[in-house]
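> The amino acid sequence is not available; the structure is as follows:
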């Protein structure tokens, strides 16, 4: 693409995302510190769960979802006309992610997240009891979910748009829970997992929130949805490659976590469709074990990394084509194009 909407972002455009990240981090710090203080006063023995929510939320994170929301707003109106609402709703998305990560890490048995211990591991150590640690982690996730809703529906959201914002947020949360259920069950419906688990709350959900917040038109939503759907799948495919080949030092997550958990991710499915029968049997035997290096070798032998990369490129191109719609403001379309590149090329 060489049109205006997909041209490389300028330094000033990149600064928009950095500015938002700083605003969101400052607001999250304030809200979580206040929540910790409130818990100390009202439920002193439960404060450790709130501390864990605060620590995980503030321990890194790319803040891509807030950037996606901002860019969607910018496709309709200038985002700074809704700056406070954009920041608060972005905080809601980040806290929703905290809730999902806490529960997901426990379900997957992961010990590392964002370069530090997962919440259930930290709380198990704190209470010297694995079951109690897991129970407290589930409650920490529930607390993050409540905070997420509080922030997404803050008084800064224009009253006339509050219902639409609430509906977009609830839809996003409902869809990602369905997607996670399919993932936990190792469902064969990989497209549904990609669409519901990752596509919803990583791309389509934040974009729907931005569109609702800005009071966008049906024509604008049609273009934004056509951008969001393929990009959400591409993002999950990148996640699948990272889950199979990512370096723990770079990703902040357990090395080859998907292979250790025997997840039927895109690279694994690719290999099982193309390897000779003997190699397929070998791959199945090493999945879910500590022999992940051999599993990686078999995936490479099948051509899975290259095949999944090609599919990511195809989906990114499809997403970018949707940004040519005349219904979208060019400033927002350029920002979305930049985010598409970041999401499809990332290494963590």
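In hand now; what should we look at? Quick caveat: nothing in here was measured; it's all calculated off a predicted structure.
> Near residue 38, how many other residues are there?
12 (other Cβ atoms under 10 Å). C-beta coordinates here come from the backbone N, C-alpha and C atoms, glycine included.
> begin at 846 from here
Let's use 846 as the start, then, which means that last one is residue 883.
> Quick check: it is in a strand.
No - going by DSSP: H, G, I helix; E, B strand; the rest coil, the assignment for residue 883 is helix, not a strand.
> Would you mind stating the distance between it and residue 892?
According to Cβ to Cβ, to the nearest Å, residue 883 stands 9 Å off from residue 892.
> ditto for residue 1187
Taking Cβ to Cβ, one finds residue 1187 at 36 Å from residue 892.
> again, but for residue 924
On the measure of Cβ to Cβ, residue 924 and residue 892 end up 36 Å apart.
> next one: residue 871
22 Å.
> the more surrounded of those two?
Each of residue 871 and residue 892 has its neighbours counted (other Cβ under 10 Å); residue 892 has more, 17 against 12.
> so how far is the helix or strand hosting that one off the chain centroid?
Element membership for residue 892 (DSSP states H and E) is helix 892-903. In this view, helix 892-903 has its centroid 19 Å away from the chain centroid, taken as Cα atoms, centre = their mean, to the nearest Å.
> for stretch 884-896, same thing?
Using Cα atoms, centre = their mean, the offset of stretch 884-896 from its chain centre is 27 Å.
> Mind checking the pLDDT average for that stretch?
For stretch 884-896, the mean per-residue pLDDT is 93.
> The nearest residue to residue 1045 once chain neighbours are set aside is in what secondary structure piece?
Counting by Cβ to Cβ, 6 or more residues apart in numbering, residue 1045 lies nearest to residue 1020, which is 3.9 Å off, once chain neighbours are set aside. Secondary structure from DSSP H and E places residue 1020 in helix 1007-1029.
> Give me the residues contacting the next helix or strand after that helix.
Downstream of helix 1007-1029, the next assigned helix or strand under DSSP H and E is helix 1035-1038. With contact meaning Cβ atoms under 8 Å, 6 or more residues apart in numbering, helix 1035-1038 is reached by 1024, 1027-1028, 1032, 1078, 1081, 1109, 1111, 1114.
> just checking, what packs against the host helix or strand of residue 934?
Using DSSP H and E, residue 934 sits in helix 928-953. Other elements packing on helix 928-953 under the criterion 3 or more Cβ pairs under 8 Å, 6 or more residues apart in numbering; DSSP states H and E are helix 856-887, helix 892-903, helix 909-919, helix 964-972, helix 975-997, helix 1007-1029, helix 1050-1059.
> Could you dump the ones you listed into JSON lines and include distance to residue 1179?
Supplementary listing: the helices and strands packed on helix 928-953 in JSON lines, determined by distance: least, Cβ to Cβ, whole Å:
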{"stretch": "helix 856-887", "distance to residue 1179": "6"}
{"stretch": "helix 892-903", "distance to residue 1179": "29"}
{"stretch": "helix 909-919", "distance to residue 1179": "9"}
{"stretch": "helix 964-972", "distance to residue 1179": "37"}
{"stretch": "helix 975-997", "distance to residue 1179": "26"}
{"stretch": "helix 1007-1029", "distance to residue 1179": "23"}
{"stretch": "helix 1050-1059", "distance to residue 1179": "15"}
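> Go through the ones you listed and find the least confident stretch.
helix 856-887 (a mean of 89).
> Tell me the span between the first and last residue of stretch 1104-1117.
Separation of the first and last residues of stretch 1104-1117 by Cα to Cα, to the nearest Å is 13 Å.
> Can you tell me what sits against it?
Here stretch 1104-1117 has contacts from 953-954, 1028, 1031, 1033, 1035, 1081-1082, 1085-1086, 1088-1090, 1099, 1103, 1125, 1128-1129, 1132-1135, 1137, 1140-1141, 1143-1144, 1146-1150, 1152-1153, 1156, using Cβ under 8 Å, 6+ apart.
> tell me the contacts of the nearest residue to residue 1021 once chain neighbours are set aside?
In space, and not counting its chain neighbours, residue 1021 is closest to residue 1046: 4.4 Å by Cβ to Cβ, 6+ apart. Residue 1046 is in contact with 910, 938, 941-942, 945, 1017-1018, 1020-1021, counting by Cβ under 8 Å, 6+ apart.
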